[in-house]
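J.: just coords:
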């Protein structure tokens, strides 16, 4: 790694870490769409859910009363009932009305929200076009297009949290882009310093 590249890489990941930390306490409320998704999967091996070549995460979108997307939450975690339960207890308001597919792990939402409505979907176009998941599917499509179009590659298993945190930070602060840079600069100044050694630690150490 050249000196200039190493410096640029470090600054970028420091900023990604700031964005991720600023979004860690995000709580969605009201109507929320949730879906499971993956990053990676380019290598040969098992396909679909449970692939060892993919990094699993969930996407949740809070929508307004008139159906517009408001806030986004992206979290890397395994698709287990226990993991979903832990995430929901921190990231969803108890008054939320949540819509998910029939994936078994989403039963972990029960008990954390006021209403949990499941839809058993078929694969392919039918599932993607279901009106209950319009915005979460749109956000996932935009996210994957943005990542593949911006980055040639990165270590999903190691740095997924930061890249997901970046996407979440940008989306949730899109309402006033004129101040987003100033807010990020202030947040960076207030965040505990992260030296190279800490930045390069695997995300599993969080």
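T.: Sure, I can see it. Since this is a predicted model, take the numbers as computed values, not measurements. Numbering: from 1, shown residues only.
J.: from what I can see residue 81 touches residue 110, true?
T.: No - between residue 81 and residue 110 there is no contact under CB atoms under 8 Å: 9.3 Å. To be clear about C-beta, it is placed using only N, CA and C from the backbone, and glycine gets the same treatment.
J.: How much space separates residue 167 from residue 144?
T.: From residue 167 across to residue 144, the span is 10 Å (CB to CB, to the nearest Å).
J.: Name the nearest residue to residue 109, ignoring sequence neighbours.
T.: The shortest distance from residue 109 to any non-neighbouring residue, by CB to CB, 6 or more residues apart in numbering, is to residue 116 (4.8 Å).
J.: The one you found belongs to a helix?
T.: No - judged by DSSP: H, G, I helix; E, B strand; the rest coil, residue 116 forms no part of a helix; its state is strand.
J.: Grab the longest helix from this protein for me.
T.: Longest helix of the chain, by residue count under DSSP state H: helix 3-23.
J.: Enumerate the positions of that helix that are buried.
T.: For helix 3-23, the buried set under the neighbour-count rule, 16 or more other CB atoms under 10 Å, comprises 10, 13-23.
J.: just how off-centre is it within its chain?
T.: 18 Å (CA atoms, centre = their mean, to the nearest Å).
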